[in-house]
Structure formats: structure tokens, C-alpha cells
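In: A structural model of the following input is requested.
(chains A and B)
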Amino acid sequence: MSALVSDSWERRALLGLLVLVVLAPVFGWASGVVGYTEPLETAAAETGASDAADPITPGLLPEYAVPGLNPPLGTLVSAAVGTALTLAVAVGGGRLLER
Amino acid sequence: MTRQIRMHIPDGFLDPWVAGLLWLGSGVAIGLAVRRARDELGDERTPLLGVVAAGIFAAQMLNWPIPGGTSAHFVGGAFAGMLLGPSLGVLAMTAVVTIQALVFGDGGIIALGGNLFAMAVVDVLVGYALFRALRGVHETGAAFVAGWGAITAAALAVGVGVGLSSAFSYELSVTVPIMVVGHALLGLVEGAITAAVYGYVANARPDLVLGRGDDSLSLEVGL
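Out: Below is the predicted model of the structure:
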């Protein structure tokens, strides 16, 4: 992982990731103000499939929230955890695959 | 209200045979991507793979509010394919979609094959193919069309998948138009963001963009 912070584009990229993470709760609030539907939810409602959703597992941080934390903070923590985890998995997986 | 809403196919929406087929399709594509990626990864591309995947995860959490009761979020498969090439693009999106399902419950486990097929395979490969085909005409325009067309194609795949399933009463004639038209409209945001971010990266660091910069990265990566 040391190569990840060894030159400037990578440092700038990490700063960009941090900005995106901090923005996540702001966008979450704004989209909540206008309401939120996805076409898949609309299709499910139109065909009577809405109640068919039956998660096998809710995940560790269901719906990008953290139990006990208020929603903006939960979104912020989820964004930070998910972004860091994705970075680690992708770089780690990439390193394993390198010839 | 700041809670993030799930946006991917949950368990229970796809019939088992549909879910199985989509697992098969995504599994084959990801397997091929892994094989090809071995030759592409290295000191520069591996960190870029990580940064692009992490950036797409973070960007997917930004729901752009659209007055009238909807919102659009950047999916990013086309962007990943354009910047990284099809193999690394598929792997970047595979990491994003899998973590969303396993850690955040966004998308089901049985349905993960369907979500991977739509976002890590169709979105990446269609976006890459459109960009390659149109890049010679106008690079920014090609990036926009790639982002828009790829997300619309991915939505078509989801519309067909759920429309062939009993939960949706096999109503393909309902699911496909809703998914395709809905995402064709939301895809205008996807295309605009894809073009803007691609343009920024291509200007700032052309050497990081596949097909630009030094010859070592100018690989002809076919589908």
C-alpha cells in the first residue's frame, strides 16, 4: 500500500475520495428532500413485486446506516468504511493477480 | 432524511433459473477479466484500479436530487471501462458491487450475479465499446454517449431479468419500458458525469488513460 501514497496523483486521488465521502451525507439529505424512487422500485410496484424482496442477509451496515448513529453520521461512516474497504480489496486483489 | 436507499436487485426478485443464468454470465466474464488482468496490472495500474473502484463506490453514494421525486446516482461502469479498459473495469466494478451487497445489504446474495451482470459486465463492456467506436469522432461526446448508452443497456438487462421472474408476474412488457425509459432519462446525468470526469482525468494525467500517453499503456484491448 506504500506505493499508493508515494507520488502526487495518488495523493490527489485520495484527497478526492475524502471529498466524495464527506459529501455523501449532504447528497443523502438533498435526495431525501425531493423523495427518492428508482425505476426498479417503480417496476416492482407496477407488477406487485414490492413485497417479494426477501434479503438473505441484511449486511453488516444495512442501508448504509450504523446502528445507534444518527442518519447523517451513519452515512458518513458507511461511506468512509465502504470506500476504504473497496480501495483495499481492489488494490489487494490487483497485487495478488500481478505477474 | 438522509438514509441511503437500496438501489440494486434484492433477493426474492429473480427466479432461481434467471439468477443462475446471470451468475453464469457474470462468472464467465469476471473469470476472463481475471485472466487478462494479470498482464495489465503493475505498479501504476494496480493503484489506479483501487482508486477508480473506491471512487466509484463513494460516487454511487451521492444521490443527485431531481425535483419531481426522483434522484440519480452515478453508476460508473462505463467510466471504469473507458479509463481502465474492459478487464480491469470489470474487476473494479466487481469489487464495488460485491462490497455493496455483502457489507451494506445493497442488492441480494442470490441476486448478486444479476447485479454483477448489469453493473460490472454490461455497463463496463457496452460503455467501453461505445467509447472505442465513437472516440475518433469526438472524445467528449463519445464519453457522454458511452455513459448514457451503457447504463441504459444495463437497465435493459435488469428489466429483462425481473420481467422473466414470477415476482414480477412475468410482465416483461411493463418492466422493460420502465427500466429502459427511466434509466435513459437518468442516464443523461450518468453521461454528463462520465464525460466531465473522463475529460478531467484525460487532461490532467493522459498517461493514466488507456489508449493515451506512453506506448506501454496504449494496449489494444479488444472485447
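
In: Next up, the contacts around residue B:76.
Out: Contacts for residue B:76 (C-beta atoms under 8 Å, 6 or more residues apart in numbering or on different chains) come out as B:55-56, B:59-60, B:93, B:96, B:123, B:194. (Glycine included, C-beta is placed from N, CA and C.)

In: Let me see the confidence value for residue B:152.
Out: pLDDT, residue B:152: 96.

In: In contact with the residue nearest to residue B:134 when sequence neighbours are not counted, which residues are there?
Out: With C-beta to C-beta, 6 or more residues apart in numbering or on different chains as the criterion, residue B:134 has its nearest non-adjacent residue at 3.6 Å, and that residue is residue B:142. Applying C-beta under 8 Å, 6+ apart to residue B:142 gives the contacts B:130-131, B:133-135.

In: Format the contacts of residue B:76 as CSV; extra columns: distance to residue A:34, neighbour count and pLDDT.
Out: Below are these laid out as CSV (distance: C-beta to C-beta, whole Å; neighbours: other C-beta atoms under 10 Å in any protein chain shown; pLDDT from 0 to 100):
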residue, distance to residue A:34, neighbour count, pLDDT
B:55, 25, 26, 96
B:56, 23, 26, 97
B:59, 19, 23, 94
B:60, 18, 24, 92
B:93, 27, 32, 98
B:96, 25, 31, 98
B:123, 25, 33, 98
B:194, 23, 32, 96
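
In: Report the entries of the residues you listed that also contact chain A.
Out: B:55-56, B:59, B:96 (C-beta under 8 Å from any C-beta of the partner chain).

In: all helices for the chain, in order.
Out: Here I'm looking at chain A. With DSSP state H, the ranges of helices along chain A come out as A:8-34, A:39-47, A:71-97.

In: wait, chain B
Out: B:16-40, B:45-60, B:77-84, B:86-104, B:112-115, B:123-134, B:139-163, B:172-204.

In: other SSEs contacting the fifth one?
Out: Going back to what we said before, that points to helix B:112-115. helix B:16-40, helix B:86-104 (3 or more C-beta pairs under 8 Å, 6 or more residues apart in numbering or on different chains; DSSP states H and E).

In: still on that earlier bit, tell me which of the contacts of residue B:142 is nearest to residue A:52?
Out: Relative to residue A:52, the closest of the contacts of residue B:142 is residue B:130; by C-beta to C-beta it sits at 33.3 Å.

In: for the chain, where's the lowest mean pLDDT among helices and strands?
Out: All of this is about chain A. For chain A, counting by mean pLDDT, DSSP states H and E, helix A:8-34 ranks last in confidence among helices and strands (a mean of 87).

In: oops, chain B please
Out: Min over SSEs of chain B, mean pLDDT, DSSP H and E: strand B:70-73 (a mean of 69).

In: where are the low-confidence patches of the chain?
Out: With no chain named, the answer covers chain A. When residues are selected by pLDDT under 70, those of chain A lie in A:1-7, A:35-36.

In: ah, I was thinking of chain B
Out: B:1-6, B:67-71, B:212-223.

In: and if we set it to 90?
Out: Scanning chain B for pLDDT under 90 picks out B:1-7, B:42-44, B:62-74, B:182, B:185-186, B:189, B:203-223.

In: Tell me which residue lies nearest the centroid of it.
Out: residue B:77 (2.4 Å; C-alpha atoms, centre = their mean).

In: That one: what's it in contact with?
Out: Neighbours of residue B:77 in contact, by C-beta under 8 Å, 6+ apart: B:89, B:93, B:119-120, B:122-124, B:127, B:150-151, B:154.

In: Return the member of those nearest to chain A.
Out: Distances from chain A to the contacts of residue B:77, taken as C-beta to the nearest C-beta, are shortest for residue B:93 (10.0 Å).

In: Setting the sequence-adjacent residues aside, check what's closest to the closest one.
Out: residue B:120 (3.7 Å).

In: ok, and for stretch B:161-179, which residues are buried?
Out: B:161-165, B:167-168, B:171-172, B:174-176, B:178-179 (16 or more other C-beta atoms under 10 Å in any protein chain shown).

In: Let me have those residues in CSV, extended by distance to residue A:73.
Out: Listed next are the buried residues of stretch B:161-179 as CSV, based on distance: C-beta to C-beta, whole Å:
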residue, distance to residue A:73
B:161, 35
B:162, 34
B:163, 39
B:164, 41
B:165, 37
B:167, 35
B:168, 36
B:171, 41
B:172, 42
B:174, 39
B:175, 36
B:176, 39
B:178, 34
B:179, 33
